[in-house]
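# One predicted model, sequence on top.
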Amino acid sequence: MKQYWEIFVAFAKIGTFTIGGGYAMIPLIEKEVVDRKKWISRSDFVDMIAVSQSAPGILAVNISILTGYKLKKNKGSVVASLGSTLPSFLIILLIALFFRQFEHIEWIQKMFKAIRPAVVALIAVPVFTTAKAIGINIKTVVIPVIAALLIWFWGISPVYIILAAAIGGLIYGYFHRKYQ
């Protein structure tokens, strides 16, 4: 029972004090579950981020579910996901109940504007640390950048780009295997 409470409290702290959503929570989750508690290894954490991004749902909740499952199976998943979502839910509920009464106050408007750069920084940090952990470099960035430019500037459908990348990957794999 004690470890369930520890899991809940760890994720509740993260859920309570993070502004900016899932990506902003990644460094806090990493610090708590990898560095402080040592519940999971850094490489497992990077794998959890990858799985969490590919799964439907909120990134931070997906990571909490995977962490909880690794520690205490299904019950751990439920406890961790409640810990990460309950504080945010309650805070948003309170804001929704009272915000209309205070939204016109100048210092509140300034406070929300001041939070924006911090949120951007909180999102940028996990992008760079994850990129470093999985070995992203100039060579591995070229194709996604070209794909983004093809979509953005020339309006090419992402479906065609995915098909071209799949065909290119198959051709590369065939020749790479054949001549090695």
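The structure has been received and is ready for your questions.
# Can you get me the start-to-end distance on stretch 27-40?
Using CA to CA, to the nearest Å, the gap from the first to the last residue of stretch 27-40 comes to 14 Å.
# List the neighbours of that stretch that are in contact with it.
6, 10-11, 13-14, 17-18, 41-42, 45, 48, 60, 63-64, 67, 70-71, 122, 125-126, 129 (CB atoms under 8 Å, 6 or more residues apart in numbering). Quick note: C-beta positions are derived from backbone N, CA and C, even for glycine.
# what do you get if the cut-off is 6 Å, keeping everything else the same?
Ala10, Ile14, Thr18, Arg42, Phe45, Ile63, Thr67, Leu71, Val125, Pro126 (CB atoms under 6 Å, 6 or more residues apart in numbering).
# tell me the two of these that are most distant?
Leu71 and Val125 (24.7 Å; CB to CB).
# More neighbours: which of these two?
Using other CB atoms under 10 Å, the more surrounded residue of Leu71 and Val125 is Leu71, with 20 against 16.
# out of the contacts of stretch 27-40, which are buried?
Buried members of those, scored by 16 or more other CB atoms under 10 Å, are Ala10, Ile14, Thr18, Phe45, Ile63, Thr67, Leu71, Val125, Pro126.
# What residues of the helix or strand harbouring Phe112 count as buried?
Here Phe112 is covered by helix 106-133, with elements defined by DSSP states H and E. With burial defined by 16+ other CB under 10 Å, the residues of helix 106-133 counted as buried are Leu122, Ile123, Val125, Pro126, Thr129, Thr130.
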